[in-house]
Structure formats: C-alpha cells, structure tokens
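# Could you look at this predicted model? Sequence included:
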Number of protein chains: 2
Amino acid sequence: MADIDRSLVRSLPLFANMVDAELDRLLARASMRRVTIGEAVFEQGQKASQFYLLLHGRLKVTQVTPEGQQIIVRVVHPGDLFGFAQALQRDDYPGTPIAAAESVVMCWPNEVWGDIVEHNPNLAVNAMRTIGQRLQEAHTRIREMFTEEVERRVAHAVLRLMEQAGHREEDGIHIDFPLSRQDVAELTGTTLHTVSRLFSAWESRGIVKGGRQKLLVRDKARLEAMAEGNAADT
Amino acid sequence: MADIDRSLVRSLPLFANMVDAELDRLLARASMRRVTIGEAVFEQGQKASQFYLLLHGRLKVTQVTPEGQQIIVRVVHPGDLFGFAQALQRDDYPGTPIAAAESVVMCWPNEVWGDIVEHNPNLAVNAMRTIGQRLQEAHTRIREMFTEEVERRVAHAVLRLMEQAGHREEDGIHIDFPLSRQDVAELTGTTLHTVSRLFSAWESRGIVKGGRQKLLVRDKARLEAMAEGNAADT
DNA sequence: CGCAAAGTTGAAGAACCTCAACAGAGGTGG
DNA sequence: CCACCTCTGTTGAGGTTCTTCAACTTTGCG
C-alpha cells in the first residue's frame, strides 16, 4: 500500500521537488481513511487537529450560516490539500467537507506541518501557491457574484467543474461525480428552481444534457459564449 | 528614516520573530514610495516585478471586469502585504491598488522573496497565515453575497471597516479615510443608489451619520443587530 | 411496489436595479 | 470673493430578474 501511495503522492505538484527521504518520512506519519458518499471528513466548528490531502474521489466543502442556509464554499479535487485550518491561524475547521463520491483521504497531525516546513521550505512555497490560487478563485467568484447575472454565473460554474472534473465521452464532456441541481445552486448562490429552469432551457438548445445528479456538456463553445455574456439565441 | 522604518516594521505581526540582522538585510533591499490620493501603486494586468507592504495610509484594490464594471476586491490597511502576485504563481497583478488616503508603501523586487523564505521559514509561515486569513475573509464575503440581502451585507461591510479603520470620536466611531457611497457599493456588490437610500434610512434612525465621503457609526449595537438579521425597527 | 429523494414547471410577489432629475459641497479661476 | 462647474449624494418611479410558494412528475433504491 505504501508504495502505491508513494507514486501517487509523488505525482502531485505539491510534492514535486521533495527528496525521497523526506517523502518517506512524511508518509510514515500519515494516516489513510476511506470516506463514503454523504459522509463528512470532519465537521465545521470542530477543533482542528489534523490536515488533509484528497487522494481519490471528490469532496464538497459546505458552510452553514447561523440561519441554517447552506452554501458550497468549494469543491476539493484529487491532489488538493484541505482542512489546513491550523496553518491559517485558527483552531477550528471553517467548513464541512462531504464526500460527493467515494473518496480516500490522507491526513497528518498538525504538529507535522511545522517540521515539514522547517526541513523543506520548498514545500512551504508550494503550499502558499496553492492557497494563493485558492484566494484568486475566491476573488473571481466574488467578482462574478457582483457583476454577473445568474445565467452567466451558472455557466461559469459549470465550465469550471468541466475543467476540473470533466471526462470526455461520446457525445460530450461528462462531469464525473454526482452533482445535483441543489449543489449547483449552492455553488452559484441561487435556488435549485432557477438552476433547473436554466438547465432545461440549455438542454432544449442542445448545449447540455442533464439527468438525475448528472450533467453532460455537449457544446462547450456556446456555453463559453454565454459565460462571456454573448446572449446566444437559437 | 531607516530607524523609523525599522521600529515600524518591527511592530508588525508579519515580522514578529525575525532576528534584527535579517530585518536589516531586508530593509536594505527595500524601496519606499509615497502615493497620493487617487494614484495607483501599480495597474491590473501589469507585469509583477515587486511585492509591497503598506506602511501608512489606506488602499482600495479594484478589479475591472471585461465589461468595464468595477469592484473593490479588498481594502489594504497599514501593515498588510499586497501585490505578492509572484508568490501566487502568476506574473501579472490581478488588481489595481488605489490610494484612498495619502499613503506610504515599501516594496521589494520579487527575487528577494525566495531568499527571505529560505533564510527565514518563520516568515513564510507568517505570510501563509496572512494569505490564509485573506482567504477566509473572501469566503465570508462569498457566503454573505449568497445568503444575505443587501441591507445586511452593507451593514457587515460597514462593521468590518469600522473594526479595521475605525477611530473613536465624541459621538461615535469615525471611519478615518475618505469613503464614498460608490466605494461602499463596489464593496458590497450593489449600486450607489441603494447604499444612499440605506444610509439615509439608518441616519433617520440614529444608527449612523453620513457626510460627503464620510461615515460615522453612532450605534454599533444596533448596526450589529441588523447585520445579524434582527429586523430592528424604530 | 412504494416511498423518498431529485427534478420540473407555473404563477405571484419582492427586492433591487436602472433611468432620471435635482440638490449641495467644494474647489478653481476670473 | 463670488460665480461656476464638477463631483458626490438624494430621492422618485418604473421595470426586471429572481425568489418564493406550490403542485406535480420522475427516478431509483430497499
């Protein structure tokens, strides 16, 4: 098992230029865990004692507002770090990562982080880049929320999911994990009703093809045109 | 001048546990620059060759959408790093920081960053925390945009500005840099009209007191109640 | 086969934006 | 020093987008 992990971990950009000895030391301290669909890796507000890496599967990180409304903060893809609350100077987890597909995660106790960084400044730089990219994504999303109408926001969200989790198939690109209208709504800050209406409209124009917890993009170009605001009719 | 800077820089959390020798080496490589109101430190899209630290004043970081709409991504307060695009793995600046008040910034060429991190892993950790906090703020903002109505969003934004730039005065807390309704609108994703209407309503209830590019919070408690969604009447 | 979860669709209403016209503040030059 | 002009803010009316409410259909699992 350790061997499989090693080649898998080795292939991640995060650990790109880490020497073998360090990598082994790191893996020696790691634990593995399987997470089944619908299960949470940890809960929002829980004390943060570990940080995580998604090896396989897909997680959606949700936050619940004091009023009980839920939103999806981001989607975790294989190779992504998550739950590194400690590194962000807080001692509880800000969100709840829920498995959208069968997943496998690795985790380390928080103390390990300091050691790693000390012995491997390169990793710290990589980690920072990762967080930085996440910050950029967040800003992009804020800008979209501010300036774009729902249809364009949804189009953007679908395009992003396609890039990150798309899988080529006969008649289009399939998003390869279960994704409900509710999920898309929580990703874009709208309601499942509006999403459903949009998908219906798009489907009748041949741009996408929906199904229960499924989504297939048939005409990427036209979807992009819509995301850019070109009111594509016909 | 170098002495003034040193004690000023020393007091920032970012450089908290840096030894004097390192700090001096750092300052030796830094440049200083004054920025007058309305002036941009650099422009969105420009090649990122330096990273910055705000010593004094206040900056608003704006982004312009392809359609020409402008939003304020964040406000930079004294002691904040900004323009560290390089660390985030991109070679152009994602936004334009404009001085909202007379400001003084320090800056370093990008190459310095690598050196610093190498000799001072602690600083890397601190920097990561800073970025992490920023990420959290961004997520908070996204959540607010998704779930809250305009009035609550504006209330939240004002409260945050108050925390970060508030200054106690006789009859309330004054936000100590010029802030137009337009600015608040761009911070909260609405229009200056809506902000103006809200401020008028609040003023008639004695919660705030407005003025040209000025804002004074008179009743923090009631503003907080509104931000939390308690429909405060009277 | 039935039940729960997911999705569809229509109608009504609200929140907010857009358009528009005006009022005050404050700097500038004659 | 006053008149003017621009920038900022105020307020009203109307319109649009999206949410909310509601009823119904479909899908797939136990």
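Done, it's in. Just so you know, these numbers come straight off a predicted model, no measurement behind them.
# now A:S49, nearest residue through space, not along the chain?
Leaving out its chain neighbours, the residue that sits closest to A:S49 by Cβ to Cβ, 6 or more residues apart in numbering or on different chains is A:N110, at 6.0 Å. Heads up, the C-betas are built off the backbone N, CA and C, glycines and all.
# burial of that neighbour, as a residue count?
Neighbour count for A:N110, taken as other Cβ atoms under 10 Å in any protein chain shown: 17.
# Also A:G68?
7.
# Quick check: it is in a helix.
No. Under DSSP: H, G, I helix; E, B strand; the rest coil, A:G68 falls outside any helix and is assigned coil.
# what's the domain layout of chain A?
Domains of chain A are assigned by automatic domain parsing as A:2-144, A:148-227.
# closest one to DNA strand C among those?
Nearest of the domains of chain A to DNA strand C, taken as Cβ to the nearest atom of the strand: domain A:148-227 at 3.2 Å.
# So A:G210 sits against A:E203, correct?
Yes. Using Cβ atoms under 8 Å, A:G210 makes contact with A:E203 at a distance of 5.8 Å.
# what's the span of stretch A:79-94, first residue to last?
20 Å (Cα to Cα, to the nearest Å).
# does any part of that stretch sit near chain B?
Yes. Against chain B, stretch A:79-94 shows contacts by Cβ under 8 Å from any Cβ of the partner chain at A:84, A:87-90, A:94.
# Pull out the buried residues from those residues.
Neighbour-count burial (16 or more other Cβ atoms under 10 Å in any protein chain shown) is assigned, among the residues of stretch A:79-94 next to chain B, to A:84, A:87-88, A:94.
# list the buried ones in the longest helix anywhere in chain A?
Counting residues, the longest helix found in chain A (DSSP state H) is helix A:121-147. Residues A:121-132, A:134-136, A:138-139, A:141-147 are the ones in helix A:121-147 that count as buried (16+ other Cβ under 10 Å).
# Let me have the residues of stretch A:79-94 next to chain B in JSON lines, adding distance to B:I173, pLDDT and secondary structure as columns.
Supplementary listing: these in JSON lines, determined by distance: Cβ to Cβ, whole Å; pLDDT from 0 to 100; DSSP: H, G, I helix; E, B strand; the rest coil:
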{"residue": "A:F84", "distance to B:I173": "35", "pLDDT": "84", "secondary structure": "coil"}
{"residue": "A:A87", "distance to B:I173": "33", "pLDDT": "72", "secondary structure": "helix"}
{"residue": "A:L88", "distance to B:I173": "28", "pLDDT": "74", "secondary structure": "helix"}
{"residue": "A:Q89", "distance to B:I173": "26", "pLDDT": "75", "secondary structure": "coil"}
{"residue": "A:R90", "distance to B:I173": "26", "pLDDT": "83", "secondary structure": "coil"}
{"residue": "A:P94", "distance to B:I173": "28", "pLDDT": "91", "secondary structure": "coil"}
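# Could you restrict the buried residues of helix A:121-147 to the ones contacting DNA strand C?
Among the buried residues of helix A:121-147, no residue sits close to DNA strand C (Cβ under 7 Å from any atom of the strand).
# Got phi/psi on the residue nearest to A:S49?
Phi and psi for A:N110, reported as degrees, to the nearest 10, are phi -60, psi -40.
# Pull the distance from stretch A:35-51 to the chain's centre.
Centre-to-centre, stretch A:35-51 and its host chain are 15 Å apart (Cα atoms, centre = their mean, to the nearest Å).
# average model confidence for it?
Averaging pLDDT along stretch A:35-51 yields 94.
# Tell me how many other residues surround A:V184.
22.
# now it, what's its secondary structure?
From three-state DSSP, the assignment for A:V184 is helix.
# Which residues are in contact with it?
A:154, A:157-158, A:192, A:195 (Cβ atoms under 8 Å, 6 or more residues apart in numbering or on different chains).
# Pull the most distant pair out of these.
Farthest apart among the contacts of A:V184 by Cβ to Cβ are A:V158 and A:L192. That separation is 14.6 Å.
# Please identify which of these two sits among more neighbours.
A count of neighbours by other Cβ under 10 Å puts A:V158 above the other of A:V158 and A:L192, at 28 against 14.
# Correct me if wrong: the more buried one contacts A:L223.
Yes. Applying Cβ under 8 Å, one finds A:V158 in contact with A:L223, separated by 6.6 Å.
# which neighbours do the two share?
A:208, A:217.
# In CSV, could you pull the C-alpha coordinates for stretch A:136-146?
Taking C-alpha atoms only, stretch A:136-146 is exported to CSV below (Å, rounded to 0.1, in the frame of the first residue of the first chain):
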residue,chain,number,x,y,z
GLN,A,136,-7.7,34.0,-6.6
GLU,A,137,-10.5,31.7,-7.3
ALA,A,138,-12.4,33.2,-4.4
HIS,A,139,-11.9,36.7,-5.8
THR,A,140,-13.0,35.6,-9.2
ARG,A,141,-16.2,34.2,-7.6
ILE,A,142,-16.8,37.4,-5.7
ARG,A,143,-16.4,39.4,-8.9
GLU,A,144,-18.8,37.1,-10.7
MET,A,145,-21.4,37.4,-7.9
PHE,A,146,-21.2,41.1,-8.0
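# For that stretch, the averaged confidence score.
pLDDT averaged over stretch A:136-146 gives 91.
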